[in-house]
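Novice: one predicted model, sequence on top.
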Amino acid sequence: MTMTASTRALALLRETFGHAQFRGEQQAIVEHVITGGDALVLMPTGGGKSLCYQVPALLRPGTGVVVSPLIALMQDQVAALTQLGVRAAVLNSTLDADTARTTERALVAGEIDLLYVAPERLTTPRCLDLIARSQVALFAIDEAHCVSQWGHDFRPEYLQLSLLHARFPDVPRIALTATADPQTRSEIVARLALDRARVFVSSFDRPNIRYTIVDKTDPRNQLLRFIRDEHAGAAGIVYCLSRRKVDETAAWLVAQGVNALPYHAGMDNASRARHQARFQSEDGVVIVATIAFGMGIDKPDVRFVAHLDLPKSIEGYYQETGRAGRDGLPADAWMAYGLADVVQQRRLIEQSEGSDEFKRISTAKLDALLGLCETPGCRRVRLLDYFGEASAACGNCDTCIDAPQTWDATDAARKALSAIYRTGQRFGAVHLIDVLRGRSNERVLRWEHDRLGVFGIGADVDDNTWRSVFRQLAALGYVRVDHAAHGALKLGVASRPVLKGEERVEMRRVVARTPAPARPRTSTAEALTPVAAGVLQRLKAWRTGEARAQAVPAYVILHDSTLSEIARRQPSDAGALARIPGIGARKLERYGDALLQITRAP
């Protein structure tokens with residue numbers, strides 16, 4: 001890339017996007033794509049992936065064609081680019097025939113800088129012919145992990161995108177994702193014919209996110225305490241596995257005074273769209289959702305993501321928790337986890353219609369996630385290691401803040417395994433705990449389990465500890481769940497050395513954890529003075545009015561971080577305002593007078 005082109009890229013970044021310099025690998029990626037190279041970009045959510053194709057698309061001749069899987073994401077991206085003065089448009093199913101034809105004519109005439117299109121539309125003969133009659137600057141394939149058949153967000157239509165290379169061999173392609181383990185990376189390269197692409201891998205670390213996984217005892221109230229203590233009045237996402245649980249949890253949170261809304265595929269389209277719009281445009285809304293919600297959500301000020309059910313894999317967990325704290329400010333990833341989660345996820349795998357290979361890979365992915373849940377070490381180290389990234393203890397996860405105790409659980413494990421065997425491998429943890437604790441209840445007496453040698457041998461261990469023992473035995477593979485027998489626990493092959501006294505078992509001890517210390521909700525920059533805080537409040541009120549008038553999310557007008565910096569610096573003229581990150585030429589022209597009026601007000 002010539003120095004002139006490099007200078008043009010930095011000038012465009014400053015003039016259009018309002019940033020003085022690129023971050024991390026962005027500049028190297030931009031330079032590579034501008035010169036016509038293919039690229040595979042792995043960058044965490046909030047790391048600035050969009051700039052990696054937007055800048056080259058604006059500097060190369062023609063239109064950048066962006067493949068995106070979600071209509072909501074396309075619309076938000078186009079709204080944000082339009083605010084910057086970029087000629088952006090979409091081609092998707094929401095357009096009426098006249099609007100679609102107008103967009104198509106503008107594309108052929110070279111009047112569009114960036115065109116967002118869904119993969120199923122792009123691969124139609126009509127759309128491919130349209131592109132062939134246009135000048136294309138590049139193809140950007142967003143959310144590229146959707147090509148992986150083993151992934152958590154597989155989209156069959158992504159498999160057809162390799163035809164872009166065959167039909168347009170001279171047009172550079174850039175595939176981007178925030179989530180891809182080594183196997184998924186290989187799939188992306190193979191299925192998108194990116195064999196000659198340069199691979200850019202940024203750190204997967206999101207240091208502003210604090211990871212916390214708690215033993216599930218009373219999940220709703222645990223969640224409520226977390227929201228009230230850490231994020232009262234803040235925007236957040238709560239994930240549940242079933243639609244019914246979404247509805248019930250949202251209704252319960254509302255009854256407790258939380259501004260919560262449900263979201264799942266069983267709702268009608270209008271209700272889903274209305275709830276998503278409120279989450280995007282209003283402050284302090286908590287969305288309770290299945291994983292149908294989230295991919296492509298660009299809201300930067302989500303302060304927490306909570307899981308009331310175990311995800312399927314570390315990729316899913318990372319993708320979902322990554323929706324918190326996109327603005328770089330402190331955020332939380334919180335999850336309640338118990339034995340029932342392990343049982344439920346293993347049942348879903350075993351009862352799926354997938355091949356044996358699919359079930360094997362799904363089980364391995366679940367086991368990796370269980371390892372993250374059960375580790376006594378740093379969660380972040382375990383999480384990043386899964387993606388092949390070495391790291392040191394972070395100091396910003398629950399196990400670093402309050403290191404869990406471990407104990408020699410060999411004797412307890414042998415008693416639990418013996419109880420499973422002596423009762424015929426036909427019962428779940430609740431019944432087995434009753435036997436071990438020596439409870440002569442109706443079910444124990446009906447099966448005459450009070451006569452067994454294991455009856456009462458665990459009376460000195462409390463219920464919470466026994467639940468933890470069975471959960472960890474299942475997570476570590478000593479015990480398996482037989483779903484054909486209504487969730488009965490059975491001995492795994494790995495249990496034999498333990499029962500024979502040949503293997504020691506160490507487990508995490510269940511204790512009341514010390515609550516994590518409260519953190520400032522500001523950035524790492526200096527805290528705002530009372531005067532600046534008042535300015536920020538007025539700036540946010542102004543932004544809310546602008547967003548409603550233009551029918552766009554508030555962050556499309558200006559991000560919180562930009563408003564905070566304006567409040568902190570309180571610029572007195574246009575030149576000083578232009579030096580605020582996030583204030584490009586178009587936004588300075590459009591909003592400069594209003595912003596300066598607010599900062600100058602007494």
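Specialist: Structure's in. What do you need? Quick caveat: nothing in here was measured; it's all calculated off a predicted structure.

Novice: nearest the geometric middle of the protein, what residue?
Specialist: Central residue check for the chain by CA atoms, centre = their mean: the C-alpha nearest the mean position is that of Glu320, 2.3 Å away.

Novice: quick one: residues contacting that one.
Specialist: Ile237, Tyr239, Ile291, Gly294, Val305, His307, Pro311 (CB atoms under 8 Å, 6 or more residues apart in numbering). Every residue, glycine included, has its C-beta placed from N, CA and C.

Novice: which residues of the stretch 51-200 of the chain fall in strands?
Specialist: According to DSSP state E, counting those that start in this stretch, the stretch 51-200 of the chain carries its strands in the segments 63-67, 88-91, 114-117, 136-141, 173-177, 198-201.

Novice: check Gln75 and give its pLDDT.
Specialist: With respect to pLDDT, Gln75 has a value of 82.

Novice: can you tell me the closest non-neighbouring residue to it?
Specialist: Val90 (6.7 Å; CB to CB, 6 or more residues apart in numbering).

Novice: Gly377 too?
Specialist: Excluding its sequence neighbours, the residue lying closest to Gly377 (CB to CB, 6+ apart) is Thr399, at 6.3 Å.

Novice: what about the one you found, how many residues nearby?
Specialist: Using other CB atoms under 10 Å, Thr399 has 22 neighbouring residues.

Novice: what strand or helix carries it?
Specialist: Assigned by DSSP states H and E, Thr399 falls within helix 398-401.

Novice: can I get that helix in PDB, CA atoms only?
Specialist: Extracted C-alpha coordinates of helix 398-401, given in PDB (Å, rounded to 0.1, in the frame of the first residue of the first chain):
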ATOM      1  CA  ASP A 398     -15.100 -14.500  40.400                       C
ATOM      2  CA  THR A 399     -12.400 -17.100  40.900                       C
ATOM      3  CA  CYS A 400      -9.700 -14.500  40.900                       C
ATOM      4  CA  ILE A 401     -11.600 -12.100  43.200                       C
END
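
Novice: mind checking which of the strands of the stretch 51-200 of the chain is nearest Leu536?
Specialist: Closest of the strands of the stretch 51-200 of the chain to Leu536 is strand 88-91, at 29.4 Å (criterion: CB to CB).

Novice: quick one: terminal-to-terminal distance for stretch 493-501?
Specialist: In stretch 493-501, first residue to last residue: 15 Å (CA to CA, to the nearest Å).

Novice: neighbouring contacts of that stretch?
Specialist: With CB under 8 Å, 6+ apart as the test, stretch 493-501 has contacts from 410, 413-414, 417-418, 421, 473, 476-479, 491, 503, 505.

Novice: neighbour-wise, which of the residues you listed leads?
Specialist: Leu473 (29 neighbours).

Novice: run the chain-centre distance for stretch 536-556.
Specialist: Relative to the chain's own centre, stretch 536-556 is displaced by 25 Å; criterion: CA atoms, centre = their mean, to the nearest Å.

Novice: and if you look at stretch 216-234?
Specialist: Relative to the centre of its chain, stretch 216-234 is centred 20 Å away, using CA atoms, centre = their mean.

Novice: same question, stretch 353-360
Specialist: Mean-position distance between stretch 353-360 and its chain equals 25 Å (CA atoms, centre = their mean).

Novice: touching that stretch from outside, list them.
Specialist: Outside stretch 353-360, the residues that reach it (CB under 8 Å, 6+ apart) are Trp150, Ile349, Glu350, Ser352, Ser362.

Novice: related to what we said a few turns ago, what packs against the helix holding Thr399?
Specialist: strand 209-215, helix 379-386 (3 or more CB pairs under 8 Å, 6 or more residues apart in numbering; DSSP states H and E).

Novice: nearest to Gly582, of the ones you listed?
Specialist: strand 209-215 (21.7 Å).

Novice: next helix or strand past the closest one?
Specialist: Per DSSP H and E, strand 209-215 leads on to helix 219-230 as the next helix or strand towards the C-terminus.

Novice: partners of whichever helix or strand comes after that next one in the sheet?
Specialist: The helix or strand immediately downstream of helix 219-230 is strand 236-239, counting by DSSP H and E. On the basis of DSSP bridges, the sheet neighbours of strand 236-239 come out as strand 286-289 (parallel), strand 304-307 (parallel).

Novice: next secondary structure element downstream of the last one?
Specialist: It stands for strand 304-307. helix 314-321.

Novice: need the contact partners of the helix or strand just after that following helix.
Specialist: Sequence-wise, the next helix or strand downstream of helix 314-321 (DSSP H and E) is strand 331-337. Under the contact criterion CB under 8 Å, 6+ apart, strand 331-337 has outside partners 208-216, 219, 222-223, 226, 230-231, 302-308, 310, 317, 321, 324-325, 373.

Novice: same check on stretch 68-76?
Specialist: When contacts are taken as CB under 8 Å, 6+ apart, the neighbours of stretch 68-76 outside the stretch itself are 66, 77, 90, 92-94, 116-119, 142-143, 146, 153, 155, 158, 276, 280, 295-298, 553, 556.

Novice: got it, and stretch 216-233?
Specialist: Counting by CB under 8 Å, 6+ apart, 214, 236, 238, 249, 252-253, 256, 258, 283-284, 286, 303-304, 306, 308, 332, 334, 336-338, 340-341, 464, 515-516, 518 sit against stretch 216-233.

Novice: convert it to CSV, retaining C-alpha atoms only.
Specialist: Coordinates of each C-alpha in stretch 216-233 appear next as CSV, following Å, rounded to 0.1, in the frame of the first residue of the first chain:
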residue,chain,number,x,y,z
LYS,A,216,-27.7,-22.5,41.1
THR,A,217,-29.8,-22.6,44.3
ASP,A,218,-32.6,-20.1,43.8
PRO,A,219,-31.9,-18.8,40.3
ARG,A,220,-34.6,-16.1,40.0
ASN,A,221,-33.8,-14.5,43.3
GLN,A,222,-30.1,-14.9,42.7
LEU,A,223,-30.6,-13.0,39.4
LEU,A,224,-32.7,-10.3,41.0
ARG,A,225,-30.0,-9.7,43.7
PHE,A,226,-27.4,-9.5,41.0
ILE,A,227,-29.4,-6.9,39.0
ARG,A,228,-30.3,-4.8,42.1
ASP,A,229,-26.9,-4.9,43.6
GLU,A,230,-24.8,-4.4,40.5
HIS,A,231,-26.9,-3.0,37.7
ALA,A,232,-30.1,-1.3,38.9
GLY,A,233,-31.7,0.7,36.1
